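> coordinates only, sequence not included:
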């Protein structure tokens, strides 16, 4: 569970780091501010919490019959520095994939909104946000060993809530 929390934050913040040279380090946000607020609050925390709460490698009868199974965790054999750094490097790699593939797609041509105005940045359309959140939630799903109905609802539901927020936020009027 801890590794997934670190991973999801590394993929999120490192994508912003990759964006900085392209905006000349002028503190421009890659993500809209509402996504920055909701990322850890709504979009990605609940799947990791559910993973930590409901995921199990062994059923409860086997755990009670063989309490020595906890020895690996007590001795620190499950969560090692090697595993930690693997998650960090994987998050760094995934953030580069999230940012640079979308950056190259946006460089193919000028995207135009329905009102005829150009969408000149990655942040305007929310693609980087969506891919980063999908990547974080998918990673939690891939690390889940024991899927319950709650796990399905939360992992998929968190991504759907993000899509719903994009739709709702797109209809809000902006004072310019």
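Structure received. Keep in mind it's a predicted model, so treat the numbers as computed, not measured.
> For this structure, just list every one of the helices.
For the chain, the helices defined by DSSP state H cover 2-19, 33-38, 45-54, 60-65, 71-74, 81-106, 122-125, 127-142, 149-171.
> Return the list of helices and strands in contact with the third one.
Which is helix 45-54. Helix 45-54 is packed against helix 2-19, helix 127-142, helix 149-171, with contacts defined by 3 or more CB pairs under 8 Å, 6 or more residues apart in numbering; DSSP states H and E. Where you see a C-beta, it was placed from the backbone N, CA and C, and this is true even at glycine.
> of the ones you listed, which approaches residue 114 most closely?
For the helices and strands packed on helix 45-54, distance to residue 114 was read as CB to CB. The smallest value, 10.4 Å, belongs to helix 149-171.
> Report the inter-axis angle for that closest one versus helix 45-54.
Orientation check (axes from the mean of the first three to the mean of the last three CA atoms, to 10 degrees): helix 149-171 against helix 45-54 gives 170 degrees.
> what about helix 149-171, average pLDDT?
For helix 149-171, mean pLDDT rounds to 88.
> Point to the helix or strand of this structure where mean pLDDT is at its lowest.
Every helix and strand in the chain was compared by mean pLDDT, DSSP states H and E; the lowest is helix 122-125, with a mean of 52.
> if we can go back for a sec, any idea which of the helices and strands packed on helix 45-54 gets closest to residue 88?
helix 2-19 (5.8 Å).
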